[in-house]
Every structure is written in C-alpha cells, then in structure tokens.
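# Structure for the following, please:
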Amino acid sequence: MIGIRVDELLKERRHTFYWLAKETGISHTTLWRLKKGKALGLNFDTLEKLCVALECQPGDVLTLQAEVKRSHRSAKSAKKVSRSDKRVSIGARK
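Okay, here's the model as predicted:
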C-alpha cells in the first residue's frame with residue numbers, strides 16, 4: 001500500500017494543515033483523506049502542489065508500506081484448509 005507522509009512533513013517544517021491548504025489551494029478535506037489513508041488516488045497536480053509548498057521531492061511524500069490485511073481469496077483458502085482438516089480427523093476416528 002502507498003502511504004502519504006504529509007503529516008510528518010508538516011511537523012518537521014512546523015506548519016499546519018490549515019497553512020498547507022491555504023498555500024496549495026488543496027481542500028482541507030482532501031488533505032485529511034490523504035493523511036488518514038482514505039484517498040483512493042493522488043493526482044500529479046496535487047502531488048506537485050504538495051512538493052512545491054513543502055519544498056520536497058515526490059519520494060519524500062510517498063512511502064511504500066507493508067500490506068496489513070489479508071486478501072479475501074487467502075481468507076477463503078484458509079477456511080477450506082481448516083474444513084478439510086476436520087474431515088480428515090473425523091475419518092481418522094473410524
């Protein structure tokens with residue numbers, strides 16, 4: 001998952017979300033979604049505005065984070081395995 005480091009960059013530079021919204025013209029709602037990881041995407045234009053205001057490179061804003069959640073498919077596979085294990089153990093009782 002791609003993470004956005006806007007909050008950390010603002011703290012390092014001692015600026016607020018209000019300042020960033022005013023400086024970039026990006027809405028407070030958009031910045032909040034980026035901060036909370038709720039944004040589904042990020043336009044290059046938005047990324048450029050963030051980089052200009054924070055005087056950084058795109059790589060400073062974006063991070064690659066390890067995936068925490070298991071996929072739906074792997075969860076189904078795990079259920080199938082546990083069901084088949086039960087069948088084997090029942091068959092072993094005979």
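# Contacts only, for Met1.
Gly37, Leu64, Gln65, Ala66, Glu67, Val68 (C-beta atoms under 8 Å, 6 or more residues apart in numbering). Every C-beta, even on glycine, is put in place using the N, C-alpha and C of the backbone.
# Let me see the contact set for the fourth one.
Taking C-beta under 8 Å, 6+ apart as the criterion, Ala66 is in contact with Met1.
# Give me the distance between it and Ile2.
12 Å (C-beta to C-beta, to the nearest Å).
# Glu23 now?
23 Å.
# How about Lys22?
In terms of C-beta to C-beta, Lys22 sits 26 Å off from Ile2.
# same question, Phe17
20 Å.
# which regions of this structure sit below the pLDDT cut-off?
68-94 (pLDDT under 70).
# Which parts of it are strands?
For the chain, the strands defined by DSSP state E occupy 2-4, 62-64.
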